[in-house]
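> Fold the stuff below for me.
(chains A and B)
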Amino acid sequence: MLFNSLDFAVFLPIVFVLYWFVLNDNIRLQNALIVVASYFFYGWWDWRFLLLIFVSTVTDFFIARIISTQVNERNRTLLLIISLVLNLGLLAFFKYYNFFVDSVESAFSLFGNPVDFHPMSIVLPVGISFYTFQLLSYTIDVYRRKIESTNDFIAFSAYISFFPQLVAGPIERATHLLPQFYHKREFSYHKSVDGLRQILWGLFKKIVIADNCATYVDWVFNPATDPSGSTIALGAFFFAFQIYCDFSGYSDIAIGTAKLFGIGIMRNFAYPYFSRNIAEFWRRWHISLSTWFRDYVYFPLGGSQGSLSATIRNIFIVFILSGLWHGANWTFVVWGLLHAVYYTPLLFAGDRKFVASINDNDVPALTLVDLSRILLTFTLTTLAWIFFRSPSLSEAFLYIRTVFSVSLFEAPAAMPYTTLVFIIFLVAIEWIGRKEQYAIAGVGLNWKRGARLAFYYALLLVIYIFAGTPQEFIYFQF
Amino acid sequence: MIRTFIIRLTYFVLPVLVFACISDFILSSTLKASKTFASGEYSVWNDLYEGRVSNDIVIYGSSRAVVQIDPRIIEDSLKRSCYNLGIDGHNFWLQYFRHKEFLSYNKVPNLIIHSLDVTTLTDRGELFNSDQFLPYMLFDKTIQSNTQDYDFFSGWDFNVPMVRFMGKQRAMLHAARLLFKEQPDAVGRINGYQAQPKTWNADFEIARKKLSTYNIEVDSSALSLFKRYLRECNDQQIRIIFVYTPQYIEGQQFIQNKEYILNIYRWLGKEYNIPFLDYSADPICQSKDYFYNSGHLNKNGSALFTSKLSHDLKEYIHN
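Next up is the predicted model:
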């Protein structure tokens, strides 16, 4: 079920009413409702993969319980390895099997020994990368004794399958989300209104900006288009906003929806295109993933505690893995590599805190220095998006070559002016609200009720009139 | 607290719903009056739903019927009333839907001139020119059941006011202009016919660069439906004449299995005792002057062709 569908607009109030009016007195029944609703939400897309989530949930629930009862470290480690193998094995099979087979075939062909491993027709279950990482975070944290394993299977199932963030994150941590299912939730009027406001803003980003950008971007990156350098550059610019608004729009809707149920889920974006360098970009972009890699890959590798060369190595490993997490294609690997390359000069300059926490008051200022740094960072990330968006490496390099040709100075083949106006609007609103959790969190709070309502109605009207062709959320495929 | 939340939310949503119902009514009724939006199909649907297509002769087919057969020339020549019910961009699936709707709201005709082309019996494809259904489709189960297999509209589009207009800026802008009496100057359909006063354009050369020759796949379900239609017409004593309208000669060479498809029509003609007038080798097909692209005659070409057709039809009309 898509957040930007009327199916969800009907589903959500039904679950909301049952949750607060029918089952309000019983926390276990509330959790059970969340599980049932989440499975229904997921099954709406493809019910066959419900079994996969269920099996993974049961497996990790019991493995974690056994880990917590073991005192022998070897046994604990063995159990953790079993969990890792099972979870990552499923992910590898569904997501990377064909990529692995293709890559091995290409490698053999390169050395003159062609082989045929027969790729399989595998449907990638929506959100598998997200819930797998969420499962892993729980088991690893139990292993590290950061949290107690839970005895409450329903609460654990709710933690894994919580529908607002099941298919595209934010990737929650057991330490943060799971305890919320142990305690009675209190309805908060202000939090719920805030949730609705965040949902509205998420819908605007997704439906008006991302979906309209998609039409142009799909045209530019269609092999039949043969675009000029300027058209590709413009396509990459629009893709930068498409993917940002698509994904952060999804996160806003997810966080807003969770607020309606009295549950807080972590922030996932913090105005990443206002970043003044790549390190800051990764503190602001897909925060739940970058902190996951920080905590479960970067730190165990030694983080920045070792020599400079070891830190550089760790950064490269994390970014390559991050690229691979996004998709089974060499384009994502190169995208990750590029970010590692962008990051390296900062390490030499002494900025060795990978994905440090964001300080909401540490925002860029309207100065020439900050603006030029923002522009440079945005240009670098946009250039990397070309790899992310291209279907293959050869096409990506062709696009890059074309961008750096004289055709960069030709007029672009087409210009979606209306979408551009909305992007400018978005950037302006985000700039004004850059100290808030989301851009319109503070808009109208001090206005008269009528003016505030007029703003919401106007936003609804804009969403209605300027809706782009409906698209699935990009991150569903990851 | 939660009750306050629900009450306030209801107060917020209620005006939206009322506004949606009123806007839907205004938008739909305004759009219906458009002569040009959705390729001018509204005037045909209006005539059809308001029972104004009670003609002796009706013409069926795709755009190759719409722009190539002028019913006024047939009327003048045969002294029988005539209406062109061709539907732009659609093969037999939607032609049949229009046929059923036509029979539901209008007098049964004496004769159907069915313009066939190579795509008539192909699968559904996409719901081309879906905007043509916008003003009529709210709560309409017939349109819903006949378009659902295209997987274009959702159930919400048919059952909730204004949902189907979401993001349709052109439709909203067009309706706003009509509301302020700004009907565009363009000539709309005349008895369903759309004259095309154009000269040869670059479509064919562009297509030739992009495409090589291709095969048309006949869809067995479409063929079954077509046979059912022929039987139903026979039962209702409606005569049918098949016509293969002119197509620019070089365009015909693009389709590898054109003869195979024509043979299906010939076979159906024999099987159901239906005459088949084939103009695929007519001299008109040799000259670009009569076409604006390889599949469509321009205004002069269609006048010349309809005159020929009228002449040839006399033999069947008077028998």
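> Centre of the chain to the lengthiest helix in chain B, how far?
For chain B, the helix that runs over the most residues, judged by DSSP state H, is helix B:2-32. Here helix B:2-32 is found 34 Å from its chain centre; the criterion is C-alpha atoms, centre = their mean, to the nearest Å.
> Show me what counts as buried in it.
For helix B:2-32, burial by neighbour count (16 or more other C-beta atoms under 10 Å in any protein chain shown) applies to B:5, B:6, B:20, B:23, B:24, B:27, B:28, B:30, B:31, B:32. Heads up, the C-betas are built off the backbone N, CA and C, glycines and all.
> Which residue is the nearest non-sequential neighbour of residue B:152?
In space, and not counting its chain neighbours, residue B:152 is closest to residue B:127: 4.0 Å by C-beta to C-beta, 6 or more residues apart in numbering or on different chains.
> before we move on, what about residue B:30?
Nearest residue to residue B:30 in three dimensions, chain neighbours excluded: residue B:175, at 4.3 Å (C-beta to C-beta, 6+ apart).
> do residue A:253 as well
Take residue A:253 and drop its neighbours on the chain: the residue closest to it by C-beta to C-beta, 6+ apart is residue A:202, 3.8 Å away.
> can you check residue B:135 too?
Using C-beta to C-beta, 6+ apart and skipping the chain neighbours, the partner closest in space to residue B:135 is residue B:28 (4.0 Å).
> give the contact list for that neighbour.
Shown in contact with residue B:28 (C-beta atoms under 8 Å, 6 or more residues apart in numbering or on different chains): B:134, B:135, B:136, B:138.
> Make TSV out of these and add secondary structure and pLDDT.
TSV is the format used below for the contacts of residue B:28 (DSSP: H, G, I helix; E, B strand; the rest coil; pLDDT from 0 to 100):
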residue	secondary structure	pLDDT
B:134	coil	96
B:135	coil	96
B:136	coil	96
B:138	coil	96
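> Show me what the longest helix along chain A is packed against.
Ordering each helix of chain A by length in residues (DSSP H) puts helix A:229-260 first. Packing contacts for helix A:229-260, counted by 3 or more C-beta pairs under 8 Å, 6 or more residues apart in numbering or on different chains; DSSP states H and E, involve helix A:6-17, helix A:189-203, helix A:211-220, helix A:368-389, helix A:393-403, helix A:417-432.
> What angle do helix A:229-260 and the fourth one make with each other?
Okay, so that is helix A:368-389. If you take axes from the mean of the first three to the mean of the last three C-alpha atoms, to 10 degrees, helix A:368-389 sits at 90 degrees to helix A:229-260.
> between the longest helix of chain A and helix A:6-17, how many degrees?
Using the same axes, to 10 degrees: helix A:229-260 against helix A:6-17 is 20 degrees.
> hmm, back to that, what's the first helix or strand after the longest helix of chain B?
helix B:41-49 (DSSP states H and E).
> Convert the C-alpha atoms of that following helix to PDB, please.
The C-alpha trace of helix B:41-49 is given here as PDB (Å, rounded to 0.1, in the frame of the first residue of the first chain):
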ATOM      1  CA  GLU B  41     -14.600  13.100 -28.200                       C
ATOM      2  CA  TYR B  42     -17.000  14.800 -25.800                       C
ATOM      3  CA  SER B  43     -19.300  16.000 -28.600                       C
ATOM      4  CA  VAL B  44     -19.600  12.400 -29.800                       C
ATOM      5  CA  TRP B  45     -20.200  11.000 -26.300                       C
ATOM      6  CA  ASN B  46     -22.800  13.800 -25.700                       C
ATOM      7  CA  ASP B  47     -24.600  13.000 -28.900                       C
ATOM      8  CA  LEU B  48     -24.500   9.400 -28.000                       C
ATOM      9  CA  TYR B  49     -25.700   9.600 -24.400                       C
END
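> Let's test this: mean pLDDT of it, rounded?
For helix B:41-49, mean pLDDT is 95.
> Test my guess that residue A:411 contacts residue A:230.
Yes: using C-beta atoms under 8 Å, residue A:411 is in contact with residue A:230, at 6.8 Å.
> So between these two, which is more surrounded?
Using other C-beta atoms under 10 Å in any protein chain shown, the more surrounded residue of residue A:411 and residue A:230 is residue A:230, with 19 against 9.
> which residue sits closest to the more buried one, ignoring its sequence neighbours?
residue A:412 (4.6 Å).
> Report the secondary structure state of the most far-flung residue of chain A relative to its centre.
For chain A, the residue at maximal distance from the C-alpha centroid (C-alpha atoms, centre = their mean) is residue A:112, at 40.2 Å. With DSSP: H, G, I helix; E, B strand; the rest coil as the basis, residue A:112 sits in coil.
> and it, how far is that from residue A:402?
32 Å (C-beta to C-beta, to the nearest Å).
> again with residue A:103
Distance from residue A:103 to residue A:402, by C-beta to C-beta: 26 Å.
> Then residue B:162?
Residue B:162 is 43 Å from residue A:402, by C-beta to C-beta.
> Could I get the CA-only coordinates of the lowest-mean-pLDDT helix or strand in chain A as CSV?
Least confident helix or strand of chain A, by mean pLDDT, DSSP states H and E, is helix A:97-110 with a mean of 81. The C-alpha trace of helix A:97-110 is given here as CSV (Å, rounded to 0.1, in the frame of the first residue of the first chain):
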residue,chain,number,x,y,z
TYR,A,97,22.1,-13.4,-6.4
ASN,A,98,21.7,-12.3,-10.0
PHE,A,99,24.2,-9.5,-9.5
PHE,A,100,26.8,-11.9,-8.2
VAL,A,101,26.1,-14.4,-11.1
ASP,A,102,26.3,-11.7,-13.7
SER,A,103,29.6,-10.3,-12.2
VAL,A,104,31.2,-13.8,-12.0
GLU,A,105,30.1,-14.5,-15.6
SER,A,106,31.6,-11.1,-16.8
ALA,A,107,34.8,-11.8,-14.9
PHE,A,108,35.2,-15.3,-16.5
SER,A,109,34.4,-13.8,-19.9
LEU,A,110,37.1,-11.2,-19.4
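> any idea which helix or strand comes after that helix?
Sequence order places helix A:128-143 as the next helix or strand after helix A:97-110, per DSSP H and E.
> spatially speaking, which residue is in the middle of the chain?
As the question left the chain open, I've gone with chain A. residue A:286 (5.0 Å).
> Let me rephrase: I mean chain B.
Geometric centre of chain B, nearest residue: residue B:87, 0.5 Å, by C-alpha atoms, centre = their mean.
> Pull the contacting residues for that residue.
B:41, B:44, B:61, B:62, B:66, B:94, B:95, B:98.
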